[in-house]
Each structure stands twice: as structure tokens, then as C-alpha cells.
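**Q** Could you work out the structure for the sequence below:
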Amino acid sequence: MHTWISSRRVRALAAAALVLTSAASVAQVAIPSEPLCPAARSNDGTFPATCLLWVKNAGFESGTLQGWNVEGGHPSVGTVDHAEVLVLARKGDQVSQVVALPANTTINAATLPYYVPALATRVAGPLPAQLKVSVSMLHPDKELPLFSRTYEVGHDWMEAIERFDGAVFPQPASLLVRIERADSNEQSLLYVDKVSVTAREQSAQ
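**A** Residues are numbered from 1 along each chain as shown. Presented below is the predicted three-dimensional model:
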């Protein structure tokens with residue numbers, strides 16, 4: 001698995017080094033421009049080289065946690081830099097969302113896509129602050145952990161971009177995306193915005 005933290009989007013995934021960049025405003029963090037993924041891989045195997053899975057209320061633009069599940073603590077939505085963001089005030093504040101995968105994309109090992117979860121985050125107040133992001137693959141009677149990473153978050157907006165490989169898995173399949181505050185510092189607020197998950201064909205590396 002290759003790991004990046006970068007203000008550049010998926011086109012930077014070919015870089016060999018880990019890059020850490022920041023932005024003064026969340027508005028400076030790029031919004032994904034890829035098209036939404038189709039509902040299924042076609043019968044002839046056709047699938048976009050790069051596409052976005054549908055994350056509901058990905059920028060918390062509703063001003064609420066609509067589309068997200070509260071799994072722990074008391075996460076909320078606030079306004080920062082003239083934008084609505086997820087606010088995590090204490091360790092254990094956690095939200096999750098089940099993101100549907102296109103049909104027929106987890107049944108053939110030779111054509112498995114890889115996935116790129118990304119989000120923008122920063123902290124207000126004294127450090128340290130840690131954000132944990134994890135992703136599992138879901139079936140109605142099965143869960144397969146695929147990825148987990150804890151980030152050290154600073155005062156400037158940073159974009160956390162990761163890559164992990166898919167897996168052969170029963171249909172229908174979904175991704176469970178979890179976002180959790182991992183540190184015990186209650187003197188600061190951790191902000192999250194612009195959550196996305198991109199699917200990429202292995203040939204698109």
C-alpha cells in the first residue's frame with residue numbers, strides 16, 4: 001500500500017515520496033472533479049478509469065449530520081472559514097457512512113479497482129490532535145477491514161489522501177468509512193470537510 005498526504009488530488013498518486021502540504025483556507029483544498037461512478041461494471045467489463053463513489057453530505061453542506069451515522073461521542077457541524085464542517089471536540093467523537101460500490105466490481109481479482117479516500121482537516125486550539133480514518137468492505141453478513149490510518153493534524157488545512165487495494169468480496173458490497181478523533185486533548189476542536197472516495201482502475205496508475 002502506498003500512502004500520501006497532499007493538497008494535490010488523485011493525479012499525484014504516482015509520486016513516490018510522502019508529501020505534506022497545507023492551505024490557509026478550506027476553500028483552497030481542491031474538490032474532486034471526477035464523474036460519479038456508474039451503478040455497475042458493464043457486462044463487457046467496461047468501467048471508468050477514475051470515478052467518484054457517492055458520499056452523501058460529503059462537505060456537511062446541509063449544516064447537519066444527515067447521511068452520516070454517529071458511532072460515538074457528540075460530533076457536530078459548525079461553520080468555519082465560511083463553510084460547514086464536521087466538528088470533533090473529544091476523543092471518541094466518531095461518524096461513519098456506508099458508501100455503495102458499483103455492482104460487479106468486487107467479483108474478479110483481475111479487475112479489482114483500488115480506492116482513494118480523501119478529506120480536508122485542521123485543528124483550532126493547542127496541539128496535539130489526531131484524526132483516525134478507517135475503511136472496511138461490507139456485505140450484509142460480513143465486514144472486511146481494508147484500511148486504517150491516524151493523522152497528526154496541524155493548524156492549517158491539510159488534505160489527507162490514501163490509497164488501498166480492493167478485495168474479492170460477495171455482492172452486494174459497500175464501503176464503510178469511519179472518521180474518528182483519536183487524541184485526548186479537549187482544549188482544541190478538530191475540523192473535517194470535503195470527504196471523498198475515488199475508485200480507480202489498476203490500469204490508471
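
**Q** Tell me which residue is most central in this structure.
**A** Pro117 (3.4 Å; C-alpha atoms, centre = their mean).

**Q** what's across from that residue in the sheet?
**A** Pro117 has these beta-bridge partners by DSSP bridges: Val197.

**Q** That one reaches Tyr151, doesn't it?
**A** No: contact criterion C-beta atoms under 8 Å: Pro117 and Tyr151 do not qualify, at 11.8 Å. For every residue, glycine as well, the C-beta is placed using N, CA and C.

**Q** and for the two, which residues touch both?
**A** Val133 (C-beta atoms under 8 Å, 6 or more residues apart in numbering).

**Q** ok, which stretches of the protein are strands?
**A** Ranges of strands in the chain, per DSSP state E, are 3-5, 50-52, 69-72, 76-80, 83-88, 94-100, 114-124, 130-139, 142-152, 158-162, 164-165, 174-181, 189-200.

**Q** Present the ones you listed as JSON lines; the columns should include mean pLDDT.
**A** Shown next, in JSON lines, are those (pLDDT from 0 to 100):
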{"stretch": "strand 3-5", "mean pLDDT": "33"}
{"stretch": "strand 50-52", "mean pLDDT": "95"}
{"stretch": "strand 69-72", "mean pLDDT": "94"}
{"stretch": "strand 76-80", "mean pLDDT": "96"}
{"stretch": "strand 83-88", "mean pLDDT": "96"}
{"stretch": "strand 94-100", "mean pLDDT": "97"}
{"stretch": "strand 114-124", "mean pLDDT": "95"}
{"stretch": "strand 130-139", "mean pLDDT": "96"}
{"stretch": "strand 142-152", "mean pLDDT": "96"}
{"stretch": "strand 158-162", "mean pLDDT": "90"}
{"stretch": "strand 164-165", "mean pLDDT": "94"}
{"stretch": "strand 174-181", "mean pLDDT": "97"}
{"stretch": "strand 189-200", "mean pLDDT": "96"}
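
**Q** how deep is Val123 tucked in, by neighbour count?
**A** Val123 has 24 neighbours, counted by other C-beta atoms under 10 Å.

**Q** who does it bridge with?
**A** Leu190.

**Q** And it, how close does it get to Leu52?
**A** 27 Å (C-beta to C-beta, to the nearest Å).

**Q** likewise Pro126?
**A** Separation of Pro126 from Leu52 (C-beta to C-beta) stands at 35 Å.

**Q** same check, this time on Ala40
**A** Distance from Ala40 to Leu52, by C-beta to C-beta: 16 Å.

**Q** Same question for stretch 55-71: list its buried residues.
**A** Judged by neighbour count using 16 or more other C-beta atoms under 10 Å, the buried positions of stretch 55-71 are Val55, Asn57, Ala58, Gly59, Phe60, Leu65, Trp68.
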